[in-house]
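# With the input below, show me the fold.
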Amino acid sequence: KGEDFQDKMDRCRTTCNDSPPVEGGPFIGSKDPRSFAEFSQLVRQHNMYLYGDAVTRYFFLLRNLSDSVHNSTIFGLQYGDAEDTPLMTSVSDFQNQLDKVWGYLSNEFAKSSGLFDHYKAIRQLRLVPDGDFDVHLSRFTTLIRAVQREKGSIDD
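From the prediction side, this is the model:
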């Protein structure tokens, strides 16, 4: 059974690493033009995350972090609590670790987020000449959902 789970883990990691990143690319932290809440919404509304189990969600989230954010997150989780990253041998282990990663990212990057940032981003949103309307609409929709999530009107 352990080997089967290891195979599943490896397949999930490979599939997620081979998938394209969310719109805007991997999250680069405080210098990212998207707020953390906007990035979080992009990840959470992606089909791989929506329909994936905790293993897929974990690897998909990590795939959408820049190398520096990924490394600082893993380092923070390993040494911030003075405990090593646990050996993950079940879906529930991955769910626990996924929750820790989201919590760490939120603590690090949500400080600069919030309704003010979302409203500011909506006010500054403009369709550039010859711009792709679908991309513009997607960004607008993502911002509206981020505002709704921030206000607590959308459940995960």
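# right, and the helix or strand after the lowest-mean-pLDDT helix or strand in the chain?
For the chain, using mean pLDDT, DSSP states H and E, the weakest element among its helices and strands is helix 115-124, scoring a mean of 73. The first helix or strand that comes after helix 115-124 along the chain, using DSSP states H and E, is helix 133-151.
# got the angle between the least confident helix or strand of the chain and helix 133-151?
Our comparison of helix 115-124 with helix 133-151, counting by axes from the mean of the first three to the mean of the last three Cα atoms, to 10 degrees, yields an angle of 160 degrees.
# Output the below-cut-off pLDDT ranges for this structure.
Scanning the chain with the threshold set as pLDDT under 70 gives 1-3, 79-86, 111-116, 152-156.
# residue boundaries of the helices in it?
Here the chain has its helices, by DSSP state H, at 2-18, 36-44, 47-50, 54-63, 67-79, 91-109, 115-124, 133-151.
# Quick one: the ones you listed as JSON lines, columns for mean neighbour count and distance to I28 too.
In this view, the C-beta of every residue, glycine as well, is placed from N, C-alpha and C. Putting the helices of the chain into JSON lines (neighbours: other Cβ atoms under 10 Å; distance: least, Cβ to Cβ, whole Å) gives the following:
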{"stretch": "helix 2-18", "mean neighbour count": "13", "distance to I28": "18"}
{"stretch": "helix 36-44", "mean neighbour count": "23", "distance to I28": "9"}
{"stretch": "helix 47-50", "mean neighbour count": "14", "distance to I28": "19"}
{"stretch": "helix 54-63", "mean neighbour count": "22", "distance to I28": "14"}
{"stretch": "helix 67-79", "mean neighbour count": "15", "distance to I28": "6"}
{"stretch": "helix 91-109", "mean neighbour count": "16", "distance to I28": "10"}
{"stretch": "helix 115-124", "mean neighbour count": "14", "distance to I28": "16"}
{"stretch": "helix 133-151", "mean neighbour count": "16", "distance to I28": "17"}
